[in-house]
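In: Sequence below, structure please.
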Amino acid sequence: VQLVESEGGLVQTGGSTRLSCTAAGFTFSRFTMNWYRQAPGKEREWVATIGRDGSNTDYTDFVKGRFTISRDNAKNTLYLQMDSAEPEDTAVYYCNVRIVVSGTTKVDDYWGQGTQVTVSS
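Out: Numbers count the residues shown, from 1 in each chain. Take a look at the predicted model:
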């Protein structure tokens, strides 16, 4: 399983950016996908989830109405559109997939390498 995020970068307060995560090594369209983030000195936190066909999404309250998670199953790619960015959104962002190990009830978490997003005030 491979998850590779695009470069994040610097965003002005109130600005926008889009993160992408390209997946390989598993059947992307069959799995729910997630975005997490980790700010300096804080624990990693869940940001958003999208169902297999993209019809179901969910967001943490901190980003609801500002961020949009989406996916393109034909391209094996997950996206996070960040609008109305705030300095509190500064963090390393990770894409994530949870896969049940075949024949067991064990769930393995796979993570991208992370991409830094910095929102300047």
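In: Show me the longest strand that occurs in the chain.
Out: Of all the elements of type strand in the chain, the one with the most residues (DSSP state E) is strand 91-100.
In: That strand - contacts with which helices or strands?
Out: strand 2-5, strand 17-24, strand 33-38, strand 107-111, strand 115-120 (3 or more C-beta pairs under 8 Å, 6 or more residues apart in numbering; DSSP states H and E). C-beta here means a position set from N, CA and C on the backbone, and glycine is covered the same way.
In: Now do the second one: which elements does it pack against?
Out: Pointing back at strand 17-24 there. So strand 17-24, by 3+ C-beta pairs under 8 Å, 6+ apart, packs with strand 2-5, strand 33-38, strand 77-82, strand 91-100, strand 115-120.
In: Quick one, which of those strands gets closest to residue 21.
Out: Closest approach to residue 21 among the helices and strands packed on strand 17-24 (C-beta to C-beta): strand 91-100, 3.4 Å.
In: For the closest one, which outside residues touch it?
Out: Outside of strand 91-100, the residues within contact range by C-beta atoms under 8 Å, 6 or more residues apart in numbering are 1, 3, 5, 8, 19, 21, 23, 26, 31-40, 42, 44, 47, 78, 80, 106-112, 114-117.
In: just the angle between that strand and strand 115-120, please?
Out: 150 degrees (axes from the mean of the first three to the mean of the last three C-alpha atoms, to 10 degrees).
In: Many thanks, have a good one.
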